[in-house]
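Trainee: here is the input, now give the coordinates:
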Amino acid sequence: MKVLLLTHGSRGDVQPFAALAAALTGAGHDVVLAAPASSAAVAEAHCTRVLPLDDGTNKLVDDRAAWEAVERNFRGLRGKRLGVRLARRNRLAMRRVFDDLAALARTTAGAVDLVVHQVNVPGHAIAELLGVPAVPVCLQPFWVPTPSFPDPLFPYRLPAALNRVSYLSTRTFVRALTGSPARFRRDGLGLPRRRFAADPLRRPGGGPAPVLQAFSRHVLPPGARYPENVHTPGFFFLPPAPWTAPPDLAAFLAGGEPPVYVGFGSMVGSDPARTGRIVAEALRATGVRAIVALGRGGIRPDGLGDNAFCLTEAPHDWLFPRTAAVVHHGGAGTTAAALAAGRPQVACPFMFDQPYFGRRLFALGVAPPPQPLRELTADGLARAIGDAVAGTTPARAKELGELIRAEDGVGHAVKVLEEVGAG
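Mentor: Numbers count the residues shown, from 1 in each chain. This is a model prediction of the structure:
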């Protein structure tokens, strides 16, 4: 089976598709993975054929005004003005990505049996053009409507009868940020208008498409229900790979008690200097040893002291099991890695799905209440770190980690895709 995988976004959006590419290749399938150029190295390590896409919105990572809009949650006059500017810039950036996708569709005609795409990438339209099935992959639980709970991004309380309807809000928001799917179909692919064309969860004929949710059922609210066409096999983890720590990192880990990891991945925020000061003060207050991942610059390292070791990045599956707790932004990928490591967590959410994962980690008993970045203080962060490594939290994190590791997300996903491809 020849499979085209399509994804876009930060490393956390690419890594699950790289894991799926590795599993499909191991099962004997021919795989091509299209991903943003900035994450090509992640993809190439696990897939022999990688097609780089324009980085699109990844180029906006240093736009402080955009981060301010997100941190204000688009509230107030300034927040709304910044939000309009962000949406406009996002749409312009994504046009180049859509141009690359349209070119890719034209060059792969007749050479693909199945398209598997991140749900917010218009892979279903490309599959329609190619005349092959499409399977959307959801990395977060706010894409597929369920009567069990409202859209996790919906900001207001709702009666249970309106749970399914609330999921329209996320689609509307994403469309405002990425642009019109109808325009891509018409101008990019030359496809005609049809009913349900904008819905990636439907087949061209209107019936439900098979859907993969690349996260664990254990992180969902109890009793969550989905239709039969929706599969939730577990997180998509990369296969274990040998990695040797640099000598200075190895020496730091061996030099005392397991440290607390602090890192916000690709999140930068509007004021990395302020974030760095808060982290430094919190670490001094707790007295814990720490590994601080600087990522894309979201934490300025000034004043961290001798008890902290700074690094740019290290494999989470190698590093997290060697830590006492994981302080992070609440992204799906980092959350999954910390859960699998069986470590207590502190979520400091910036935006989008991160507040949801922060709330779920607290509800699951593996983290204290989330500490949103816009409200973060040194005292609050210090207390949260202390709570994470004390009481029943570490034991609960270990227990949940065993459940997460027992799942074979990519293995089950491959079986689903083989059934779809066989048809």
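
Trainee: what lies in contact with whichever strand in the chain runs longest?
Mentor: Scanning the chain for the longest strand, with DSSP state E as the assignment, gives strand 30-36. With C-beta atoms under 8 Å, 6 or more residues apart in numbering as the contact definition, strand 30-36 has outside contacts at 1-9, 14, 17-18, 21, 24-25, 42-43, 47-56, 58, 97, 100-101, 104, 108, 112. The C-beta positions use only the backbone N, C-alpha and C, and glycine is treated the same way.

Trainee: over to stretch 375-384?
Mentor: Applying C-beta under 8 Å, 6+ apart, the set of residues contacting stretch 375-384 from outside is 275, 277-279, 281-283, 285-286, 327, 346, 348, 368-369, 371.

Trainee: looking at the contacts of strand 30-36, which are in helices?
Mentor: Cross-referencing these against helices under DSSP state H gives 14, 17, 18, 21, 24, 25, 42, 43, 97, 100, 101, 104.

Trainee: doesn't residue 47 make contact with the fourth one?
Mentor: Yes: judged on C-beta atoms under 8 Å, residue 21 makes contact with residue 47 at a distance of 3.9 Å.

Trainee: now for these two: what residues contact both?
Mentor: By the contact definition C-beta under 8 Å, 6+ apart, residue 21 and residue 47 are jointly contacted by 5, 31, 33.

Trainee: what's the nearest residue to the first one if we skip its chain neighbours?
Mentor: What that stands for is residue 5. By the measure of C-beta to C-beta, 6 or more residues apart in numbering, the closest residue to residue 5 outside its immediate chain neighbours is residue 33, 4.5 Å from it.

Trainee: tell me the spacing between that neighbour and residue 276.
Mentor: Residue 33 sits 35 Å away from residue 276 when distances are taken as C-beta to C-beta, to the nearest Å.

Trainee: quick one: which of those two has more around it?
Mentor: residue 33 (28 against 20; other C-beta atoms under 10 Å).

Trainee: and the more buried one, how far from residue 334?
Mentor: 21 Å.

Trainee: give me the more crowded residue out of residue 21 and residue 47.
Mentor: Just comparing residue 21 and residue 47: by other C-beta under 10 Å the higher neighbour count belongs to residue 21, 28 against 23.

Trainee: for the more buried one, give me its contacts.
Mentor: For residue 21, the set of contacting residues under the criterion of C-beta under 8 Å, 6+ apart consists of 5, 31, 33, 43, 46, 47.

Trainee: how about the helices of the stretch 301-423 of the chain, start to end?
Mentor: 316-319, 332-341, 354-363, 378-388, 393-406, 409-422 (DSSP state H, counting those that start in this stretch).

Trainee: for residue 132, find the nearest of those helices.
Mentor: Using C-beta to C-beta as the measure, helix 409-422 is the one of the helices of the stretch 301-423 of the chain that comes nearest residue 132, at 8.7 Å.

Trainee: what's that closest one packed up against?
Mentor: Applying 3 or more C-beta pairs under 8 Å, 6 or more residues apart in numbering; DSSP states H and E, one finds that helix 409-422 contacts helix 11-26, strand 114-118, strand 134-138, strand 211-213, strand 230-231.

Trainee: now do the longest strand of the chain and strand 114-118, the angle between them.
Mentor: On the basis of axes from the mean of the first three to the mean of the last three C-alpha atoms, to 10 degrees, strand 30-36 is oriented at 30 degrees to strand 114-118.

Trainee: give me the mean pLDDT for strand 30-36.
Mentor: Throughout strand 30-36, pLDDT has a mean value of 95.

Trainee: now, among the contacts of stretch 375-384, which is nearest to residue 252?
Mentor: Nearest member of the contacts of stretch 375-384 to residue 252, counting by C-beta to C-beta, is residue 283, at 14.0 Å.

Trainee: quick one: pLDDT of the closest one?
Mentor: So residue 283 comes in at 94 (pLDDT).
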